[in-house]
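**Q** Build me a model:
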Amino acid sequence: MAQLVVVSFRLGVTDGVSIEAAKWIDALRSLGHRVRTIAGGGVADLIMPELAIRSVRAPDVEALVGSLADADLVIVENMASLPLNVAARDALYRALEGRRAILRHHDLAWQRESSIDNEAPRNGPLWRHVTINELSRRELLARGVKAETIRNSFDCSPPRGRRARARLALGVADQRLLLFPTRAIPRKNIEGALRLAASLGATLWLLGPPEDGYEATLRQLIADSPARIISRLPEGLDIDDAYAACDLVVMPSTWEGFGNPVLESVTHRRPLAVYPYPVLEEISAFGFRFFGLDDVGSIAKFLDEPDEDLLEHNAAVAREHFNVADLPARLAALLETLDVN
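**A** Okay, here's the model as predicted:
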């Protein structure tokens, strides 16, 4: 079996790239491959701080080459996709020359309004590009980069959360509870979640912290909202408890590279209210039934009279098309095209 190395700006934490990289690592190990990890931050077998997001120190290319010396294949998680550390990206390109590699793209530079560098990922004779959605695959192809889409995958039988314990810890009793299961940054459109909570007379639970300088804006939005707001995850609870505790998941984002909470809400048998961000269209095309963020009447009716058939329908669609149990076979086929076995 092969020695594989996964490289990213950061690994082993709670951002979407780290979570999805961990699923690939588990799947590859289940196929018998050895996997090492290298990252600029987080948790990895080798931490190289020069690879971290916005590091001001240029990486040592020779050290990077040495760290990949035993690799039969290098899997690059988003480092060629976003210009979060251009020096690290360019050093990695040099280190990958003559090597087999998979460049996995969770989102792309031109898809971020704040990006100042819209360079397309580069091609190499021994490289394969993988996107997590068809929108990115098409946009890459238009820029001369051929890619394959392997969508994010999910545990379709997640642990059953502790609803009563979580609601007691939150102090919500019999109140309607909406879960906003992501960090708070501008594109997450927390204003939409606050409006829905106010319209339903519900409590809004902000699970993730504000980032990217959004703290002051978030404080003002909360101060101006009539809705009750709860922040963070109480000690002793986990994400499964959070989904179990809520009555509705709300995803008002205007942009997501994928949007993992969409499928997580489905696998945890929770209804979902969403804003129609671009990639949601191709996810919904598989047959999911979601509520629009402004469809307050239908949402209120569901909360009063839950429709278990809708929840089971969504869960069945997820099992058929987004099941993490199918990931090893998909990756085995991809590796075969690179002559890695």
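
**Q** What segments of this structure are strands?
**A** In chain order, the chain shows strands spanning 3-11, 34-42, 46-47, 73-77, 101-105, 127-131, 147-149, 177-180, 203-206, 228-231, 248-251, 272-274, 291-292, with DSSP state E as the criterion.

**Q** Columns mean neighbour count, distance to Phe302 and mean pLDDT on top of those strands, output as a markdown table?
**A** Bear in mind the C-beta positions are built from the backbone N, C-alpha and C, glycine included. As requested, the strands of the chain are exported to a markdown table (neighbours: other CB atoms under 10 Å; distance: least, CB to CB, whole Å; pLDDT from 0 to 100):
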| stretch | mean neighbour count | distance to Phe302 | mean pLDDT |
| --- | --- | --- | --- |
| strand 3-11 | 24 | 38 | 98 |
| strand 34-42 | 20 | 38 | 98 |
| strand 46-47 | 14 | 46 | 98 |
| strand 73-77 | 24 | 37 | 98 |
| strand 101-105 | 25 | 36 | 98 |
| strand 127-131 | 22 | 33 | 98 |
| strand 147-149 | 16 | 32 | 98 |
| strand 177-180 | 26 | 13 | 98 |
| strand 203-206 | 24 | 17 | 96 |
| strand 228-231 | 17 | 21 | 94 |
| strand 248-251 | 26 | 8 | 98 |
| strand 272-274 | 24 | 10 | 98 |
| strand 291-292 | 15 | 7 | 98 |
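
**Q** Would you agree Leu335 is in contact with Ile75?
**A** No: using CB atoms under 8 Å as the test, Leu335 is too far from Ile75 to be in contact (10.0 Å).

**Q** related to what we said a few turns ago, of the strands of the chain, give the one that comes closest to Val56.
**A** Val56 lies closest to strand 34-42 among the strands of the chain, at 12.0 Å (CB to CB).

**Q** which regions of the protein sit below the pLDDT cut-off?
**A** When residues are selected by pLDDT under 70, those of the chain lie in 113-116.

**Q** sorry, back to before: now the strands of the chain in CSV, with distance to Ser55?
**A** Shown next, in CSV, are those (distance: least, CB to CB, whole Å):
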stretch, distance to Ser55
strand 3-11, 9
strand 34-42, 6
strand 46-47, 12
strand 73-77, 16
strand 101-105, 20
strand 127-131, 24
strand 147-149, 27
strand 177-180, 31
strand 203-206, 29
strand 228-231, 30
strand 248-251, 31
strand 272-274, 35
strand 291-292, 41
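
**Q** Glu312 is nearest to which of those?
**A** Nearest to Glu312, of all the strands of the chain, is strand 272-274, at 14.3 Å by CB to CB.

**Q** for the closest one, packing partners?
**A** strand 248-251, helix 260-267, strand 291-292 (3 or more CB pairs under 8 Å, 6 or more residues apart in numbering; DSSP states H and E).

**Q** For Leu103, which of the ones you listed is the nearest?
**A** helix 260-267 (20.6 Å).

**Q** what does the closest one contact?
**A** Helix 260-267 is contacted by residues 16, 19-20, 152, 154-158, 181-182, 239, 243, 249, 251, 271-272, 274, 280, 283, 288, 290, 314-315, 317-318, 322 when judged by CB atoms under 8 Å, 6 or more residues apart in numbering.

**Q** if we can go back for a sec, mind putting the helices and strands packed on strand 272-274 into a markdown table with distance to Val145?
**A** What follows is these, written out as a markdown table (distance: least, CB to CB, whole Å):
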| stretch | distance to Val145 |
| --- | --- |
| strand 248-251 | 29 |
| helix 260-267 | 24 |
| strand 291-292 | 34 |
